[in-house]
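# Just to be clear, the model below is a prediction. Sequence and coordinates:
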Amino acid sequence: MPDKNEVTIKWLGHSCFLVYNDRIRIITDPYDETLGYPMPEVSAEVCLVSHEHFDHNYVSMVKGKPQVIRGTGEKEVSLIKFKGVASFHDAQEGSRRGKNTVFTWELGGINFVHLGDLGTELSSTQIKEIGPVDILFVPTGGIFTIDAVAATRVVASLNPKVAIPMHYRMPFRKNDSLAAVDEFLKGKNNVVKVGKNSASFSKNNLPEETTIYVLEYGK
């Protein structure tokens, strides 16, 4: 029988994911098509915005009149508690690119963390505030966020069951200066290339050790 607590993650490109079950649909960091490829049409009840850059805050394209959550602190929607943890978009305490919000929430018994455009490694205080992590969305492309080396250290510091890379080079996007996801995958053994843009998880089927799941855009 299907697991009623199963949660599906669908990668819509860049740092945008649709996380949903039969109860609610949550979208993260929707982007403007001027990024270089189209944002798929999608509906959601909740939209998380990590920061106010065009490739992360295109809220108007999300259908369904979602409740938009920005910034730090705790907010509750449909009995789901979302927490925003303060961080920076660069390694100079936000002086170059501003602030960034790390979002945490629990759905189907799974603890999710979306790092947004995290630009520096996490402090012990931030790690404590984030708390336990089952599924982590982590930027890996560098330039505007942490790079593959720093992302590897961030993953180790949070020790998730599943790490899903995001915000890396897309081969069809012109003049993309980000590093490819392969930079992050180098030397790592626990890697699952899903071969499509979605994967489903339940609390009972999460891996025991940190495993990287690479979703494929547009399939």
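Great, that's in hand. Residues are numbered from 1 along each chain as shown.

# Note down every partner strand of the worst-scoring helix or strand of the chain on mean pLDDT and its orientation.
Scoring the helices and strands of the chain by mean pLDDT, DSSP states H and E places strand 80-88 at the bottom, with a mean of 92. Here strand 80-88 has these sheet partners by DSSP bridges: strand 73-77 (antiparallel), strand 99-107 (antiparallel).

# Buried residues in it, which are they?
Phe82, Lys83, Gly84, Val85, Ser87, Phe88 (16 or more other Cβ atoms under 10 Å). (C-beta placed from N, C-alpha, C; glycine too.)

# out of these, what pair is the most spread apart?
Greatest spatial distance in the buried residues of strand 80-88: Phe82 and Phe88, 20.0 Å, computed using Cβ to Cβ.

# after the longest helix seen in the chain, next one along is what?
Longest helix in the chain, counting residues (DSSP state H): helix 148-158. Later in the chain than helix 148-158, the nearest helix or strand by DSSP states H and E is strand 162-166.

# Beyond that next one, next helix or strand please.
Following strand 162-166 in sequence, per DSSP H and E, is helix 181-185.

# Please name the residues that touch Lys81.
If you count contacts by Cβ atoms under 8 Å, 6 or more residues apart in numbering, Lys81 has them with Glu74, Lys75, Trp105, Glu106.

# Recalculate using a threshold of 6 Å.
Neighbour list for Lys81: Glu74 [criterion: Cβ atoms under 6 Å, 6 or more residues apart in numbering].

# And it, how far from Leu178?
Separation of Lys81 from Leu178 (Cβ to Cβ, to the nearest Å) stands at 32 Å.

# re the thing from before, just give me the closest of the buried residues of strand 80-88 to Pro165.
Ser87 (17.9 Å).

# isn't the closest one right up against Asn100?
Yes: counting by Cβ atoms under 6 Å, Ser87 touches Asn100, with 4.8 Å between them.
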